[in-house]
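**Student:** Structure for this input, please:
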Amino acid sequence: MVLRTNSEKAKSHQAQQKIHVFEQGFVLHQQGHLDLAEFIYQRILIEDPKHFDALHFLGILNFQRKRFEKSVELIGQAININPNVADAHSNMGLALQELNNPQEAIVCFDKAININHNLVVAHFNRGNALSMMRNFSDAVKSYDSVITLNHRHHVAYNNKANALMALKRFQEAISIYDIAISINANYADAYYNRGNALKEIRDFEAALSSYEKSVFINPNYIEAYCALSTVLKENKKFDEALANCDKAISISPAYAYAHSIKGDLLADLKRWNEALESYKISLQLNPTSADDYYNSGVVLQELNQLDAAHENYERAIAINPNVEKYYNNNGVTLHDLKLLNSALGNYDKAISINKNSAEASFNKALTLLLKGELTEGWKLYEQRWNFGESKSRKRDFSQPLWLGKDDLKDKTILLHCEQGLGDSIQFSRYAEKVSELGGEVILQVQNSLLGLFKTLNGVSSIIDQDVALPDFDFHCPLLSLPLAFNTTIETIPTPGSYLKADTVKINYWIQKLGVKDKPRIGIVWSGNLDHRNDRNRSLGLSELVSYLPDNCMYVSLQKQIRDSDENFLMRNNLIHHYASYLNDFSDTAALCELMDLVISVDTSVAHLSGAMGKKTWVLLPFIPDWRWMLDREDSPWYTSVKLYRQREDRLWAPVLRRVADDLTQILSSSKD
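**Tutor:** Below you'll find the predicted structure:
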């Protein structure tokens with residue numbers, strides 16, 4: 001035994017007293033009495049500013065109170081006193097993580113692991129910091145170290161799977177989530193994350209089950225309700241999807257994302273005004289959501305509120321100027337506002353962000369073609385095959401694509417339809433030019449055009465698009481032919497007439513129509529409802545008829561009649577309607593041949609009449625399809641066509657008044 005002096009005994013008593021006081025603070029800290037614990041730690045530090053434990057635990061307490069900078073300062077002071085405590089370095093790393101400094105945090109975790117390689121929490125948080133830095137491969141290794149030390153660490157399994165998700169290793173992630181769930185069957189986060197992985201591999205039924213389990217465990221799991229909505233949307237269960245959105249909103253009305261995805265659902269249901277309201281609420285809660293501004297723009301486009309759409313796209317761009325789709329859609333809106341140079345600028349910006357942006361390149365093509373800049377327009381128009389519906393329609397032949405460079409002498413080429421009936425009619429004119437190059441031309445088109453195209457020059461055989469193909473050497477889609485021939489406005493082939501009606505069918509319609517005692521006017525007022533621009537290009541029959549002079553015979557050249565026009569057509573004796581007799585376009589052509597004039601909105605019948613050289617008046621919206629170009633009354637594609645365009649008011653009434661005035665003038669002249 002070593003004897004001590006009285007002074008030594010006094011020092012020992014003081015040390016014991018400090019330990020006792022610290023332990024009081026520590027116990028209070030553990031019990032959650034943070035104010036009292038903080039007071040005790042600070043009292044200890046007044047007497048002993050270099051008390052390691054007081055500094056360290058006061059740093060932890062400040063971390064708990066989200067005073068992260070103060071936490072770093074205090075734990076740093078403790079480490080300066082004793083740099084060999086692994087927990088202190090680990091806790092310093094946590095505070096730095098919260099200050100969004102994962103790189104320095106990793107340095108701290110590494111120091112902790114060097115001191116104590118078995119410190120699970122340091123490996124775990126190191127993985128989290130690496131994930132923050134998007135270094136997911138190394139994060140997986142850190143989580144593996146955790147699992148090696150504690151094979152039942154279910155959160156480490158979950159976070160490892162999250163890192164695998166980020167690496168797009170979805171199947172592996174699912175198997176790791178399964179392990180986390182096997183360790184803790186009530187782990188709602190793992191079920192939720194597993195659902196996300198299953199959604200990525202498009203196993204929507206399994207994803208649905210996983211999300212449902214997560215909300216069963218945690219009925220207030222708003223993210224899971226939102227995820228359920230997105231999966232139910234994929235399964236076209238819109239009512240259930242909306243119900244889950246509303247559940248999330250009822251739990252947390254201030255959760256902006258729930259309002260945002262509700263807007264997406266309502267937009268899918270074409271409930272545009274309701275969708276707009278949901279996006280508005282989301283933006284009130286989260287004014288920096290570029291996507292909500294973008295989606296509001298999309299809805300406003302659908303509502304034809306183009307200025308407001310443009311404004312929303314501009315806001316999205318201001319928040320995040322690096323997203324190509326914002327510029328692309330803004331370009332579309334500017335195009336529709338007839339601000340074509342500004343539209344081209346936006347497309348170029350989208351392309352500069354993503355040189356492979358097929359959609360922006362294609363939309364740029366439409367604007368160039370509308371402006372009459374055909375050479376560059378045709379080249380970019382080929383981008384249609386790289387996105388959207390055209391991508392799914394692309395024909396994958398073993399035979400090469402012909403774009404004008406290969407010699408066709410003694411070769412067989414397949415020309416095939418790709419878009420609508422009007423497109424096939426317009427571009428079938430190129431068949432004769434192809435045949436003049438010495439090749440045999442097979443034309444594959446829609447069934448309803450087979451009879452009509454029998455009169456087309458230059459074609460060796462015409463086949464239905466759904467039948468087996470004969471042998472051929474090259475192929476070319478119809479709308480790539482202008483590029484193949486380097487078509488300019490001056491070199492558009494056969495703008496006069498290149499299609500003829502069948503004589504037998506003409507005679508049939510002569511008998512059917514009876515004696516002609518007044519001018520015959522063929523009319524078409526609406527097109528295909530599924531056409532992307534139908535709301536702008538079609539009009540109501542009653543609106544058209546209200547402007548037509550009654551001293552003519554008006555013949556409907558339409559096969560399909562909308563419900564909104566059906567009753568009016570049945571009640572109105574002015575319009576003769578023969579839909580049941582129009583089996584295909586050869587019938588329509590024969591009926592068209594007997595008209596003195598065809599008045600049509602932009603539909604396949606307008607192309608048919610123009611291709612036959614019939615006098616045709618085409619009624620166009622303010623921003624027409626690219627082929628009608630801008631600010632001209634004639635068409636370089638059809639010499640017999642006259643164009644009547646909407647003005648900036650985008651109303652049909654002024655257009656129809658001009659049509660009525662011109663029609664009245666023609667009728668008066670014919671009487672004279």
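**Student:** Hmm, residue 217 is touching residue 192, no?
**Tutor:** No. Using Cβ atoms under 8 Å, residue 217 makes no contact with residue 192, being 9.4 Å away. (Each C-beta comes from the backbone N, C-alpha and C, glycine too.)
**Student:** More neighbours: which of those two?
**Tutor:** Comparing residue 217 with residue 192 by neighbour count (other Cβ atoms under 10 Å), the higher total belongs to residue 192, at 23 against 17.
**Student:** three-state assignment of that one?
**Tutor:** helix (DSSP: H, G, I helix; E, B strand; the rest coil).
**Student:** The residue nearest to it when sequence neighbours are not counted: neighbouring residues, count only.
**Tutor:** Nearest residue to residue 192, sequence neighbours excluded (Cβ to Cβ, 6 or more residues apart in numbering): residue 214, at 4.2 Å. If you count neighbours by other Cβ under 10 Å, residue 214 ends up with 24.
**Student:** now the one 4 residues further on
**Tutor:** Here the neighbour count serves as a burial measure; for residue 218 (other Cβ under 10 Å) it reads 17.
**Student:** so what's it closest to, chain neighbours aside?
**Tutor:** Once flanking residues are discounted, residue 218 sits nearest to residue 188: 4.1 Å by Cβ to Cβ, 6+ apart.
**Student:** Under the pLDDT cut-off, which ranges of the stretch 1-150 of the chain? List them.
**Tutor:** Scanning the stretch 1-150 of the chain with the threshold set as pLDDT under 70 gives 1-16, 18.
**Student:** Please look at residue 283 and residue 289 and confirm they touch.
**Tutor:** Yes. Contact criterion Cβ under 8 Å: residue 283 and residue 289 qualify, at 6.1 Å.
**Student:** Assign a three-state SS to residue 554, would you?
**Tutor:** strand.
**Student:** still on that earlier bit, look up how far residue 224 lies from the residue nearest to residue 192.
**Tutor:** 4 Å (Cβ to Cβ, to the nearest Å).
**Student:** Likewise for residue 536?
**Tutor:** 41 Å.
**Student:** Compare those two (neighbour count), which wins?
**Tutor:** residue 224 (28 against 20).
**Student:** Packing partners of the strand or helix carrying the more buried one?
**Tutor:** Assigned by DSSP states H and E, residue 224 belongs to helix 222-234. On a contact count with 3 or more Cβ pairs under 8 Å, 6 or more residues apart in numbering; DSSP states H and E, helix 222-234 meets helix 188-200, helix 204-217, helix 238-251, helix 256-268.
**Student:** Quick check: buried residues in that helix?
**Tutor:** The neighbour-count check on helix 222-234 (16 or more other Cβ atoms under 10 Å) flags 222, 223, 224, 225, 226, 227, 228, 229, 230, 231, 232, 233 as buried.
**Student:** Just to check, the third one is in contact with residue 195?
**Tutor:** Yes. Using Cβ under 8 Å, residue 224 is in contact with residue 195, at 7.4 Å.
**Student:** list the residues that contact both of those two?
**Tutor:** 211, 214 (Cβ atoms under 8 Å, 6 or more residues apart in numbering).
**Student:** coming back round to it: mutual contacts of residue 214 and residue 224, please.
**Tutor:** The contact sets of residue 214 and residue 224 overlap at 188, 191, 192, 195 (Cβ under 8 Å, 6+ apart).
**Student:** Closest one to residue 209 out of those residues, please.
**Tutor:** Nearest to residue 209 among the shared contacts of residue 214 and residue 224: residue 195, at 8.0 Å, using Cβ to Cβ.
**Student:** so how far is stretch 320-332 off the chain centroid?
**Tutor:** The gap between where stretch 320-332 is centred and where its chain is centred comes out at 11 Å by Cα atoms, centre = their mean, to the nearest Å.
**Student:** repeat for stretch 293-313
**Tutor:** The answer for stretch 293-313 is 14 Å, by Cα atoms, centre = their mean.
**Student:** Ok, stretch 370-383 next?
**Tutor:** In terms of Cα atoms, centre = their mean, the centre of stretch 370-383 is found 23 Å from the chain centre.
**Student:** what distance separates the helix holding residue 224 from the centre of its chain?
**Tutor:** With Cα atoms, centre = their mean as the basis, helix 222-234 stands 18 Å off its chain's centre.
**Student:** is it true that residue 131 touches residue 139?
**Tutor:** Yes. Residue 131 lies in contact with residue 139 (Cβ under 8 Å); the separation is 4.5 Å.
**Student:** Need the overlap of contacts for these two.
**Tutor:** Taking Cβ under 8 Å, 6+ apart as the criterion, residue 131 and residue 139 both touch 159, 163.
**Student:** more neighbours, the two?
**Tutor:** Of the pair residue 131 and residue 139, residue 139 is the one with more neighbours under other Cβ under 10 Å, namely 25 against 21.
**Student:** Tell me which helix or strand the more buried one sits in.
**Tutor:** Secondary-structure assignment from DSSP H and E places residue 139 in helix 136-149.
**Student:** With residue 576 instead?
**Tutor:** Counting by DSSP H and E, residue 576 is part of strand 575-577.
**Student:** And the next helix or strand after that strand, what does it pack against?
**Tutor:** Tracing the chain C-terminally past strand 575-577 and defining elements by DSSP H and E, one meets helix 585-593 next. Packing partners of helix 585-593 (3+ Cβ pairs under 8 Å, 6+ apart): helix 503-513, helix 604-611.
**Student:** about what we covered before: determine which of the helices and strands packed on helix 222-234 approaches residue 460 most closely.
**Tutor:** Here helix 256-268 is closest among those (Cβ to Cβ), at 46.3 Å.
**Student:** Could you grab the helix/strand/coil label for the closest residue to residue 345 other than its chain neighbours?
**Tutor:** Closest residue to residue 345 apart from its sequence neighbours, by Cβ to Cβ, 6+ apart: residue 331 at 7.9 Å. Classification of residue 331 by three-state DSSP places it in helix.
**Student:** what's the spacing between residue 331 and residue 325?
**Tutor:** Distance, residue 331 to residue 325, by Cβ to Cβ: 10 Å.
**Student:** more crowded one of those two?
**Tutor:** Regarding residue 331 and residue 325, a neighbour count based on other Cβ under 10 Å identifies residue 331 as having more, with 28 against 18.
**Student:** Identify the residues contacting the more buried one.
**Tutor:** By Cβ under 8 Å, 6+ apart, the neighbours of residue 331 are 343, 344, 345, 346, 347, 350, 360, 363, 364, 367.
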